[in-house]
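Student: The sequence isn't on hand, but the structure is:
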Ligand code: UDP
């Protein structure tokens, strides 16, 4: 059993990952500055004998003993990462350097949570890992997109220059329990709006597409990547290739919640990608991984989670 560090361990993906690693018998240390992470996401883990939590901002150096590092720390939803773009960049770049140094000191593997945002407004569809992207470097999404691109560069430069044991995954839109209710993400917004019979806010005409992966599938892919052969650094796309328009998602959520909500249209935020769908051939080949949970099944589980949160006054 290993000593594992999860940065962003109180966030949506981080907390789901901590639960899974503990269930596998590992010792887990979670670090989070609680900017978007929430202690509530890990409250039942705090007393676990193999779990430790430290509130810390990864843009400041720190030391923890670890055999493996899952580096998830970074605000990931547009409203949150745009609230303080400079701090988002600091987290992406300085935070990444701190974590790579930490990996080196520990001779640990480090798995970087990169993102489909590195492809920007893609001109290739679906996106393969060879596509170099189409990012507006001065737009409002750039602090995250370019920050994550620079973090990938750092990973590969540490790998080439110092032999750091890196692995890089590019995560496409993921949803499920422990999403932040005020994150402004499309799945959480639509479900909460539908459960409260409030207007469903579709940005633009709703014709833009995303491909939604249920969190359990993603966590499975992430752990497979960490456990893959040392030579396989990635980057590898992890996501569900089933593509839906935002309007289709709105209609599905209304139907599954039996909601009386109406759909309204609000302005499309700038630089909002028109379409996004992963090509996962590399993950299938190298990791033997593909998602198993369809959108309806995943949405129903997520609806159950948010209904419970609403009834406990957690939202
Ligand atoms: N979106 C929407 N209504 C919302 C929130 C988001 O129509 O209440 C749209 C958003 O403009 C984007 C898509 O849904 O086209 C996915 O947005 P999200 O923030 O979840 O993820 P990202 O844009 O980072 O893929």
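Tutor: Received it, and whenever you're ready, just let me know what you need. Every value quoted in this text rests on a predicted model; they were computed, and no experiment measured them.
Student: Which strands and helices lie in contact with whatever helix or strand residue 18 lives in?
Tutor: Here residue 18 sits within helix 12-23, counting by DSSP states H and E. Judged by 3 or more C-beta pairs under 8 Å, 6 or more residues apart in numbering; DSSP states H and E, helix 12-23 is in contact with strand 3-7, strand 27-32, helix 215-226. C-beta: built from backbone N, CA, C; applies to glycine.
Student: any idea which helix or strand comes after the last one?
Tutor: Once helix 215-226 ends, the next helix or strand along the chain (criterion: DSSP H and E) is strand 236-238.
Student: which strands and helices sit next to the next helix or strand after that next one?
Tutor: Heading C-terminal from strand 236-238, the first helix or strand you meet, by DSSP H and E, is strand 243-245. When contacts are defined as 3+ C-beta pairs under 8 Å, 6+ apart, strand 243-245 sits against strand 209-211.
Student: Strand partners (parallel or antiparallel) of the strand it packs on?
Tutor: Its sheet considered, strand 209-211 pairs with strand 243-245 (antiparallel) by DSSP bridges.
Student: Can you tell me the SS state at the residue nearest to residue 39 when sequence neighbours are not counted?
Tutor: In space, and not counting its chain neighbours, residue 39 is closest to residue 10: 6.0 Å by C-beta to C-beta, 6 or more residues apart in numbering. Here residue 10 is coil, with the state taken from DSSP: H, G, I helix; E, B strand; the rest coil.
Student: Tell me how far residue 10 lies from residue 42.
Tutor: From residue 10 across to residue 42, the span is 5 Å (C-beta to C-beta, to the nearest Å).
Student: joint contacts of those two?
Tutor: Common contacts of residue 10 and residue 42 (C-beta atoms under 8 Å, 6 or more residues apart in numbering): 30, 53.
Student: neighbour-wise, which of those two wins?
Tutor: Comparing residue 10 with residue 42 by other C-beta atoms under 10 Å, the one with more neighbours is residue 10, at 27 against 24.
Student: Tell me the buried residues in stretch 152-166?
Tutor: Within stretch 152-166, the residues that qualify as buried are 152, 154-156, 158-159, 164-166, counting by 16 or more other C-beta atoms under 10 Å.
Student: I meant to write stretch 3-14 there.
Tutor: Neighbour-count burial for stretch 3-14, counted by 16+ other C-beta under 10 Å, picks out 3-14.
Student: At which residues are the strands of the stretch 51-200 of the chain located?
Tutor: For the stretch 51-200 of the chain, strands defined by DSSP state E, counting those that start in this stretch occupy the ranges 51-55, 68-71, 109-115, 165-171, 174-175, 200-203.
Student: Mean pLDDT and distance to residue 143 for the ones you listed - can I get that in a markdown table?
Tutor: Below are the strands of the stretch 51-200 of the chain laid out as a markdown table (pLDDT from 0 to 100; distance: least, C-beta to C-beta, whole Å):
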| stretch | mean pLDDT | distance to residue 143 |
| --- | --- | --- |
| strand 51-55 | 98 | 23 |
| strand 68-71 | 98 | 18 |
| strand 109-115 | 98 | 13 |
| strand 165-171 | 98 | 18 |
| strand 174-175 | 98 | 20 |
| strand 200-203 | 98 | 20 |
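Student: would CSV of the ones you listed with distance to residue 131 be doable?
Tutor: Below are the strands of the stretch 51-200 of the chain laid out as CSV (distance: least, C-beta to C-beta, whole Å):
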stretch, distance to residue 131
strand 51-55, 37
strand 68-71, 23
strand 109-115, 14
strand 165-171, 10
strand 174-175, 20
strand 200-203, 25
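Student: Please work out which of those is packed deepest.
Tutor: Of all the strands of the stretch 51-200 of the chain, strand 68-71 carries the top mean neighbour count, a mean of 27, counting by mean count of other C-beta atoms under 10 Å.
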